[in-house]
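> With the sequence up front, the predicted model follows.
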Amino acid sequence: MEELRKMILEQGQGIGADIVKVDIFLNHRIDTKLLFAMGKVWADEFRDEKPDLVLTVEASGIAMAVAAAHALGDLPVVFAKKSNTAVLNNETVQAEVYSFTHKTQNTIRIERRYLPEGSRVLIIDDFLADGQAAHGLLTLCEKQKATVVGIGVAVEKGFQPGGKALRDAGIHLKSLAIVDRIEDGKIILRPDDD
Ligand code: 5GP
C-alpha cells in the first residue's frame, strides 16, 4: 500500500537489527487518514469472503480492526484481552501467546459468546513477526469452531518466519507493507507486488 510504504520510509525507524518503530503514525500516535485508508484496502481484499466479524488482540490492533470493520459495513470488532478481569465471565476461551516486543508469555482470552461457532472471522493486527499473535488468534477460532477467512496486517517483517508459515498453511494473508531488512537504522521495504 503506497501511503503506508511512504510513511514507513519517511518516518519509520529501525532499532537494532529487528525492531521497526512506526509508533509516530501507527501504534502510539495514530494517523487517522492512513488508518481508514488501510481499513478500505483490507475491506476490498476480504469483502468477498463475507466475514461476520473482525478479530484482533489488544491494544494496538484495535484501531486497525475498527477501520477494517467499518469499511466492511460496520461489522463488530472483537479483541482478545491480555488480562483477566472481574468483568469477564467464566465462559472464556484462551490461548497462549509469546510477545516478541515484550519478551513475555501472555494468555489471551475472549468470552466465548463473542466468537460464536460457525462465524466467519477476519483477523487484523498491526505487525506480523514470528506469527505468535496470529497463531494465538487462530487457536481461539479453532477452539470455537469459527472459520478464519483471512488475516490482514499492516507491517509484515519479512525477515521473521510468521508470514511464510501462514502462506504455507494456505491462509489468505494481506500485508500492506513488508520490511525486508534493517540496515544502520534504515528500514528497507520489499518491492510492492500489487
Ligand atoms: P508476532 O506475534 O508475529 O511475533 O509479533 C506480532 C506482535 O508483536 C504485534 O502484535 C506487535 O504488537 C508486536 N511486534 C512485533 N514486532 C514488532 C516491531 O518490530 N515493532 C513493533 N512496534 N511491534 C512489533
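Nice, thanks for sending it over. Numbers count the residues shown, from 1 in each chain.
> Please list the residues outside stretch 5-14 that contact it.
By Cβ atoms under 8 Å, 6 or more residues apart in numbering, the residues outside stretch 5-14 that reach it are 20-22, 24-25, 31, 34, 155, 177, 179, 182-187, 189, 192. Heads up, the C-betas are built off the backbone N, CA and C, glycines and all.
> and these near the ligand, which?
Residues shared between those and the neighbourhood of the ligand are Val20 [Cβ under 6 Å from any ligand atom].
> So which of the contacts of stretch 5-14 sit within strands?
Among the contacts of stretch 5-14, the members falling in strands (DSSP state E) are Val20, Lys21, Val155, Ala177, Val179, Ile182, Glu183, Lys186, Ile187, Leu189.
> Quick check: bridge partners of the third one?
In this structure, Val155 has the following beta-bridge partners (DSSP bridges): Phe127, Ala177.
> Next up, the contacts around Pro76.
Neighbours of Pro76 in contact, by Cβ under 8 Å, 6+ apart: Leu53, Val54, Ala69, Tyr114.
> ok, 7 Å please
Counting by Cβ atoms under 7 Å, 6 or more residues apart in numbering, Pro76 touches Leu53, Ala69.
> so which strand or helix has the residue positioned nearest the centre of the chain?
Residue closest to the mean C-alpha point of the chain, counted by Cα atoms, centre = their mean, is Asp125 at 1.2 Å. Assigned by DSSP states H and E, Asp125 belongs to strand 120-128.
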